[in-house]
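Undergrad: here is a sequence with its predicted model. Questions after.
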Amino acid sequence: MDSYRVLRNAVVTMLATSTMVGPAAIGWAEELAEPVLRKQAGAMMHRGTWFTRARPVRVAARTASSRNRAIAFRLLARRAWSYDQFRCLDSLWTRESGWNHQAHNPSSGAYGIPQALPGSKMSGSGGDWRSNPATQIHWGLHYIKSRYGTPCGAWGHFQASNWY
């Protein structure tokens with residue numbers, strides 16, 4: 001793959017995943033990236049680098065699970081927690097709910113991404129706790145911080161006792 005296409009795909013993917021969600025975002029990102037990339041491509045041609053105008057393969061729409069992970073990653077970064085902490089959180093909430101914000105355990109009543117028990121506890125972070133993954137993640141991170149200190153602390157407890 002030539003350098004222009006690599007650069008274009010990287011910019012389109014970055015813009016689509018960081019600003020908007022879904023197929024509409026990809027079209028928007030392509031339109032936004034094109035003028036910048038044409039200028040860059042002109043500079044690359046001037047330096048003798050070859051490029052093509054071939055259309056890149058469209059990136060598939062993100063799943064709800066990956067969107068929810070992206071929300072959590074941004075919220076962890078705001079707390080200045082490391083990528084290792086995100087990996088622990090990912091392991092924990094993958095086991096708990098598969099990052100499904102509508103996950104419900106009928107036997108216990110636990111609900112959402114962090115599997116709050118009862119789910120209504122998350123209403124302290126927002127009235128839209130049943131449908132908004134960001135509200136659930138915000139609540140879950142606050143719970144982890146107050147109870148275990150870090151996501152790795154919560155993951156360690158989960159591994160030892162099968163609950164957190």
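TA: In hand now; what should we look at?
Undergrad: residues near Arg95, how many?
TA: 14 (other Cβ atoms under 10 Å). The C-beta positions use only the backbone N, C-alpha and C, and glycine is treated the same way.
Undergrad: mind listing what it touches?
TA: Phe158 (Cβ atoms under 8 Å, 6 or more residues apart in numbering).
Undergrad: please identify the helix or strand for it.
TA: Assessed by DSSP states H and E, Arg95 sits inside helix 83-96.
Undergrad: domain map for this protein?
TA: For the chain, the structural domains run 3-46, 64-161, going by automatic domain parsing.
Undergrad: lowest-confidence stretch among these?
TA: Lowest mean pLDDT within the domains of the chain: domain 3-46, at a mean of 55.
Undergrad: what's stretch 87-94 in contact with?
TA: Residues contacting stretch 87-94 (Cβ under 8 Å, 6+ apart): 69, 72, 76, 99, 113-114, 140-141, 144, 150-152, 154-156, 158, 164.
Undergrad: make that stretch 128-145, sorry
TA: Contacts of stretch 128-145 (Cβ under 8 Å, 6+ apart): 64, 67-68, 71-72, 75-76, 79, 89, 93, 101-102, 111-114, 116, 119-126, 150-151, 153-154, 164.
Undergrad: what residues of it count as buried?
TA: 129-130, 132-144 (16 or more other Cβ atoms under 10 Å).
Undergrad: please save the CA atoms from it in CSV.
TA: Extracted in CSV, the C-alpha atoms of stretch 128-145 (Å, rounded to 0.1, in the frame of the first residue of the first chain):
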residue,chain,number,x,y,z
ASP,A,128,-30.2,8.0,31.9
TRP,A,129,-28.3,5.1,33.5
ARG,A,130,-30.5,2.4,31.8
SER,A,131,-29.5,3.5,28.3
ASN,A,132,-26.4,5.6,28.4
PRO,A,133,-23.1,3.7,28.5
ALA,A,134,-21.1,6.8,29.5
THR,A,135,-23.2,7.2,32.6
GLN,A,136,-22.7,3.6,33.5
ILE,A,137,-18.9,3.8,32.9
HIS,A,138,-18.7,7.0,34.9
TRP,A,139,-20.4,5.3,37.8
GLY,A,140,-18.4,2.2,37.5
LEU,A,141,-15.1,4.0,37.5
HIS,A,142,-16.2,6.0,40.6
TYR,A,143,-17.2,2.8,42.3
ILE,A,144,-13.8,1.1,41.5
LYS,A,145,-11.9,4.1,42.6
